[in-house]
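In: Provided below are the primary sequence and the corresponding predicted coordinates.
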Amino acid sequence: MSGRMRGGALAKLLIGIPVGLLVLLALTLAFYEGRNAYWDWRVKQLCEKEGGIKVYEVITLDAATYDSMRDQFGAFSVPSKKYALNAPIFQTSMQTEIRRWNPSVWQIESSIQRTADGKVLGTYTSFGRVGGDLVALHPSSFGCPRQGPDLLQATIKRGETK
């Protein structure tokens, strides 16, 4: 009888270890996925509260100046402050860390400013999360606002040709 009892205990042990490891793995995955879901929810809340475009002033550039600000592909290109010597406007961008690591969460605020007086014409604020996965060759991410109006189109209009 004692051999049979030892055999039963051994069978329970052999079954219990893999089951325990699977439960531990499931709990670990649930923790990481839950944490990412939490931070995605927080990022979405921040986007709804503070994200998107804010226009303070719309300016009109004459057609020649407006057209001169296009790159070789036809896209409107605004220089950074450092390179805006002759440009009527410049762009700045600032990234603020909300959470440093695993997952990384940040806020990015871009602004368009008038060169002559430095006045902010408009801002665009976005938020994002990268990482937080248990194991990933390509970390997951989430950001918002996903799509929206272009800050340049909202603050700068093309005037008539002189």
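Out: Sure, I can see it. Just so it is clear, the structure is predicted and the values come from calculations on it, not from any experiment. Numbers count the residues shown, from 1 in each chain.

In: does I53 really touch S126, like I thought?
Out: No: when contacts are counted by Cβ atoms under 8 Å, I53 is not listed as touching S126 (10.0 Å). Backbone N, C-alpha and C define where each C-beta goes, glycine included.

In: which one of the two has more residues nearby?
Out: A side-by-side neighbour count of I53 and S126, using other Cβ atoms under 10 Å, places S126 first with 20 against 17.

In: Surely the more buried one is within a strand?
Out: Yes: counting by DSSP: H, G, I helix; E, B strand; the rest coil, S126 is part of a strand.

In: which residues does the closest residue to it other than its chain neighbours contact?
Out: Distance criterion Cβ to Cβ, 6 or more residues apart in numbering; nearest residue to S126, sequence neighbours excluded, is I108 at 5.2 Å. Shown in contact with I108 (Cβ atoms under 8 Å, 6 or more residues apart in numbering): S93, M94, Q95, T96, T125, S126, F127, G128.

In: In PyMOL, how would I select the buried members of those residues?
Out: The buried subset of the contacts of I108, as determined by 16 or more other Cβ atoms under 10 Å, is captured in PyMOL by this line:
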select buried, resi 125+126+127+128
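
In: what stretches of the protein score poorly on pLDDT?
Out: Where the chain drops to pLDDT under 70, the residues are 1-7, 146-149, 161-162.

In: Bridged to the most centrally placed residue in the chain, which residues?
Out: Most central in the chain under Cα atoms, centre = their mean is G128, positioned 2.4 Å from the mean C-alpha point. As for beta bridges, G128 partners with W106, G143 under DSSP bridges.

In: do you know how far D133 is from N36?
Out: 7 Å (Cβ to Cβ, to the nearest Å).

In: Of the two, which one has the most company?
Out: Comparing D133 with N36 by other Cβ under 10 Å, the one with more neighbours is N36, at 21 against 18.

In: Toward the C-terminus, what is the element adjacent to the helix or strand where the more buried one lies?
Out: Assigned by DSSP states H and E, N36 belongs to helix 2-50. The helix or strand immediately downstream of helix 2-50 is strand 52-55, counting by DSSP H and E.

In: which outside residues touch that next one?
Out: With Cβ under 8 Å, 6+ apart, strand 52-55 has contacts from L121, G122, T123, Y124, T125, P145, G148, P149, L151, A154, T155.
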